[in-house]
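# Kindly generate the corresponding structure for this input.
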Amino acid sequence: MQAALAEARAAAARGEVPVGAVIIDPVTGKILAAASNRTETDHDPTAHAEILAIRAAARMLATPRLTGLDLWVTLEPCAMCAQAIAFARIRRLYYGAADPKGGGVEHGARVFSHPTCHHRPEVFGGIAETEASRLLKIFFKSLR
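Numbering: from 1, shown residues only. The predicted structure is shown next:
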């Protein structure tokens, strides 16, 4: 999660919502892809950290399925990202801060609980939640 938090800090430094994500091979412990939000930078509403990390890992491995890999992200994924996680066949999702307003995993849409969701990763929330929440609170406070 420390690598995802570092990505989130980098996003904040660029004026992006501080969310970071990494995809890890749990067998080797190697980080295969790392990303942070780039929606403002790229002028792309889909440029969430999770989507960018999934795209990078899929390109690197030359496959659309990331079976057996784990995603670590600093904020509960939104519905769009949760569906991408399911499509990518991510093994486990670890996230930091819960997102009661925009979350799509344990809040809001709860994508993985729908019968039409063909893949459900194991989900572990609250990892380094204090630090992930702190980054978000500082960022949004600075906007007000």
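# buried ones in stretch 22-36?
22-25, 32-36 (16 or more other Cβ atoms under 10 Å). From N, CA and C alone the C-beta is placed, and that goes for glycine too.
# In a strand, Ala86, correct?
No - according to DSSP: H, G, I helix; E, B strand; the rest coil, Ala86 belongs to no strand; its state is helix.
# What is the burial count for it?
Residues lying near Ala86 (other Cβ atoms under 10 Å) number 19.
# ok, it touching Ser113?
No - with contact taken as Cβ atoms under 8 Å, Ala86 and Ser113 are classed as non-touching, separated by 11.2 Å.
# Can you find the helix or strand in this protein with the smallest mean pLDDT?
helix 129-143 (a mean of 95; mean pLDDT, DSSP states H and E).
# elements contacting it?
Counting contacts by 3 or more Cβ pairs under 8 Å, 6 or more residues apart in numbering; DSSP states H and E, helix 129-143 is packed against helix 2-13, strand 70-75, strand 92-97.
# Contacts for the longest one, please.
Spelled out, that is helix 2-13. Helix 2-13 has contacts (Cβ atoms under 8 Å, 6 or more residues apart in numbering) with 17-22, 31, 34-38, 49, 72-74, 96, 128, 131-132, 135, 138-139.
# Just the buried ones from those?
Applying 16+ other Cβ under 10 Å to the contacts of helix 2-13 flags 17-22, 34-38, 49, 72-74, 96, 128, 131-132, 135, 139 as buried.
# How about the secondary structure of the nearest residue to Leu69 once chain neighbours are set aside?
Counting by Cβ to Cβ, 6 or more residues apart in numbering, Leu69 lies nearest to Ile23, which is 5.4 Å off, once chain neighbours are set aside. Following three-state DSSP, Ile23 is assigned to strand.
# I'd say Ile23 and Leu71 touch.
Yes - under the criterion of Cβ under 8 Å, Ile23 makes contact with Leu71 at 5.5 Å.
# Now for those two: what residues contact both?
53-54, 90.
# which one of those residues has the most neighbours?
Within these, Ala53 tops the neighbour count with 30 neighbours, counted by other Cβ under 10 Å.
# can you list contacts of the helix or strand hosting that residue?
Element membership for Ala53, per DSSP states H and E: helix 49-61. The contact list for helix 49-61 (Cβ under 8 Å, 6+ apart) reads 4, 7-8, 11, 19-23, 32-38, 64, 66, 69, 71, 73-74, 77, 80-81, 84-85, 88, 90.
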